[in-house]
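In: Predicted structure and sequence below. I'll ask about it afterward.
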Amino acid sequence: MSGVADRVAVVTGGGSGIGAACARRFAADGAAVVVADVDAEAGERVTAELRADGMRACHVACDVAVADDWRRLADTVRAEHGRVDVLASNAYAMADGPAHELPEDDWDRVIDVCLKATYLGVRALHPLLVAARGNVVAVSSVHGSVGVPGFPAYAAAKGGLESLVRQLAAEYGPTLRVNAVVPGPIDTPQWSRTPAEVMKAEAERTVLGRFGRAEEVAAAIAFLASDDASFITGTALPVDGGWSKRW
Ligand SMILES: NC(=O)c1ccc[n+]([C@@H]2O[C@H](COP(=O)([O-])OP(=O)(O)OC[C@H]3O[C@@H](n4cnc5c(N)ncnc54)[C@H](O)[C@@H]3O)[C@@H](O)[C@H]2O)c1
């Protein structure tokens, strides 16, 4: 695959799960990776591991819902790398409960971290992405197109994110490509407190009968970010083991 060698990739939420796998994949493919995570300890840990393995990575503390944090991140990356080729917009927040019981603050937080953050990131990095003729890969969820009771803000944010991806692709083509991956159940720390029977049911809901691995989502992100996907923009690629295809 003609990957991201010698390019600069920003990965939000790169301190854990899919983001950490994505950071490792980009770095292994030869990119310099900027891990943008609100959890400084997690971000530093992931980047230290990559550097210990001879890869190029640094952490920039960033709450993706905060415009000033994006401005600082853009300044830092411009100063240290002079370019950005890829933005993997992956960080997320979750709040569960039916809409009539969901506190307004929780609604706002989920929408801000899962949806507004991609707008803020593209806005802050736009000059750098355009200069590099780069691309954006946003991480959505099967919740963006299927109603699963208990996650109204998350579903709205992810549905909005896929719409935003189409919009940004139309807006910024042919200079920038903008795509999404749409994971189903993926074995990451966000499932760590889920009861075993719920995990089993979730795995059985997929066609492939199992949870996906973070590395499998990272591989799809790496593909969309690479020149091998040079004629793909505005799409949302399911990485869900068939979860969304099963009745
Ligand atoms: N794991 C799954 O089953 C699954 C399924 C569908 C979609 N997804 C999507 O995949 C993405 C990654 O999920 P994951 O399971 O790897 O999560 P995770 O909990 O393992 O990691 C999320 C990371 O995001 C960081 N983060 C949270 N809020 C942030 C903020 N405001 N600013 C910066 N960083 C922040 C956290 O510190 C953490 O490092 C999310 O967009 C999620 O919606 C995951």
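Out: On my side now, so go ahead. Note that the structure is a prediction, hence the values are computed from the model and not measured. Numbering: from 1, shown residues only.
In: CA only for contacts and neighbour counts going forward, please
Out: Fine.
In: tell me the average confidence for the helix or strand hosting residue 136?
Out: Using DSSP states H and E, residue 136 maps to strand 135-139. The average pLDDT within strand 135-139 is 99.
In: For it, name the packing helices and strands.
Out: Here strand 135-139 touches strand 86-89, strand 177-183, helix 214-225, going by 3 or more Cα pairs under 8 Å, 6 or more residues apart in numbering; DSSP states H and E.
In: Beyond the last one, next helix or strand please.
Out: Once the chain leaves helix 214-225, the next helix or strand it forms, by DSSP H and E, is strand 236-239.
In: how far out from the middle of the chain is that next one?
Out: Relative to the chain's own centre, strand 236-239 is displaced by 12 Å; criterion: Cα atoms, centre = their mean, to the nearest Å.
In: Count the neighbours of the nearest residue to residue 95 once chain neighbours are set aside for me.
Out: The shortest distance from residue 95 to any non-neighbouring residue, by Cα to Cα, 6 or more residues apart in numbering, is to residue 106 (6.1 Å). Per other Cα atoms under 10 Å, the neighbour tally for residue 106 reads 15.
In: follow-up on the earlier one: what's the closest of the helices and strands packed on strand 135-139 to the ligand?
Out: Ranking these by proximity to the ligand (Cα to the nearest ligand atom) places strand 177-183 first, at 4.2 Å.
In: Quick check: buried residues in the helix ranked longest in the chain?
Out: The longest helix of the chain (DSSP state H) is helix 152-172. Judged by neighbour count using 16 or more other Cα atoms under 10 Å, the buried positions of helix 152-172 are 152-166, 168-169.
In: for stretch 113-123, same thing?
Out: Quick answer for stretch 113-123 (16+ other Cα under 10 Å): 113-122.
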